[in-house]
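K.L.:
Following is a predicted model, sequence given first.
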Amino acid sequence: MLRRTAFLSCLLLTGLGARGQTVLDPALLERVRMLAETAARAAAPPNTRVAVEIGALDARLRLAPCQQIQPYLPPGMAVWGKSRIGLRCTDGMARWNVTLPVRVAVFGRAVVASGPLPAGVNLSQEQLAVADIDIAAEPGAVFTDPALLIGRTLARPLGAAEAVRAPALKSRQWFAAGETVQVRVAGEGFAVASEAQALSAGIEGQEVRVRFESGRVASGRPVGERRVDVLL
């Protein structure tokens with residue numbers, strides 16, 4: 001989980017532009033940029049570059065002048081892609097609390113399609129390349145090693161140079177119902193291995209139930225070919 005970053009309150013003034021719109025002090029906007037960038041970097045992989053684009057307040061807002069404005073990251077707000085930074089007046093004629101739109105880009109190396117690819121294709125080395133992209137532009141994890149994608153099946157088509165993200169891949173079936181699987185049962189300070197029978201198909205990302213020789217039934221997570229992890 002990302003730890004929210006708080007900045008000290010800043011002694012800044014808002015004013016009114018030529019059309020009556022609220023104008024924010026450049027120093028305040030720099031604090032907003034730093035807040036967004038710091039939050040994004042905390043969640044970004046190594047060797048990536050973060051860029052922040054700050055939008056404008058709603059033109060309909062008419063904010064009272066404020067001596068002390070505090071930027072903050074609203075709870076639950078995304079720190080990548082399109083997001084918002086909160087601004088609250090803590091010392092002014094009137095207390096107000098608004099949000100300012102921002103767009104956070106995170107540039108890094110990721111696996112992309114070397115050309116247009118249809119849904120259902122089984123990926124090969126020739127269909128993949130590595131390029132610098134904005135990994136925050138769309139939801140879904142990206143991959144940095146093409147070898148991890150060889151043989152995977154696309155669930156939807158991809159355009160040339162489009163990142164291969166986790167949601168674009170079909171979930172793998174690691175085993176069928178009724179098969180014998182190797183189960184790793186782990187808890188705090190211990191781990192044991194055993195065999196069990198799968199009561200349903202082992203689909204990547206989905207919980208599966210297994211029955212041990214003793215008759216006990218447990219739920220776990222498929223992690224590979226005929227392998228299940230059960231966490232206690």
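P.N.:
Yep, that arrived. Residues are numbered from 1 along each chain as shown.
K.L.:
where in the chain is pLDDT low?
P.N.:
Per-residue confidence for the chain (pLDDT under 70) gives these ranges: 1-22.
K.L.:
What ranges does it have for its helices?
P.N.:
In the chain, the segments counted as helices under DSSP state H are 26-43.
K.L.:
Mind naming the longest strand for it?
P.N.:
When secondary structure is assigned using DSSP state E, the longest strand within the chain turns out to be strand 97-113.
K.L.:
wait, what's in contact with Glu207?
P.N.:
Contacts of Glu207 were listed using CB atoms under 8 Å, 6 or more residues apart in numbering, and they are Ser219, Gly220, Arg221. From N, CA and C alone the C-beta is placed, and that goes for glycine too.
K.L.:
could I have stretch 136-147 exported to PDB, CA atoms only?
P.N.:
As requested, C-alpha coordinates have been extracted for stretch 136-147 and formatted as PDB (Å, rounded to 0.1, in the frame of the first residue of the first chain):
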ATOM      1  CA  ALA A 136       0.400   4.600 -15.800                       C
ATOM      2  CA  ALA A 137      -1.600   5.400 -19.000                       C
ATOM      3  CA  GLU A 138      -3.900   2.400 -18.500                       C
ATOM      4  CA  PRO A 139      -4.800   0.100 -15.600                       C
ATOM      5  CA  GLY A 140      -3.200  -3.300 -15.400                       C
ATOM      6  CA  ALA A 141       0.300  -4.500 -14.600                       C
ATOM      7  CA  VAL A 142       3.000  -4.500 -17.300                       C
ATOM      8  CA  PHE A 143       5.800  -7.000 -17.900                       C
ATOM      9  CA  THR A 144       9.500  -6.300 -18.400                       C
ATOM     10  CA  ASP A 145      10.600  -9.800 -19.500                       C
ATOM     11  CA  PRO A 146       9.200 -11.100 -22.800                       C
ATOM     12  CA  ALA A 147      10.100 -14.600 -21.800                       C
END
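K.L.:
This protein: strands as residue ranges?
P.N.:
Using DSSP E, the strands found in the chain span residues 15-16, 22-23, 49-54, 66-72, 81-92, 97-113, 128-134, 173-175, 180-187, 190-198, 202-203, 208-212, 217-224, 227-231.
K.L.:
So which elements touch the longest one?
P.N.:
In this structure, strand 97-113 makes packing contacts with helix 26-43, strand 49-54, strand 81-92, strand 128-134, judged by 3 or more CB pairs under 8 Å, 6 or more residues apart in numbering; DSSP states H and E.
K.L.:
Now do the shortest one against strand 81-92, angle only.
P.N.:
Regarding strand 49-54 and strand 81-92, their directions subtend 60 degrees when assessed with axes from the mean of the first three to the mean of the last three CA atoms, to 10 degrees.
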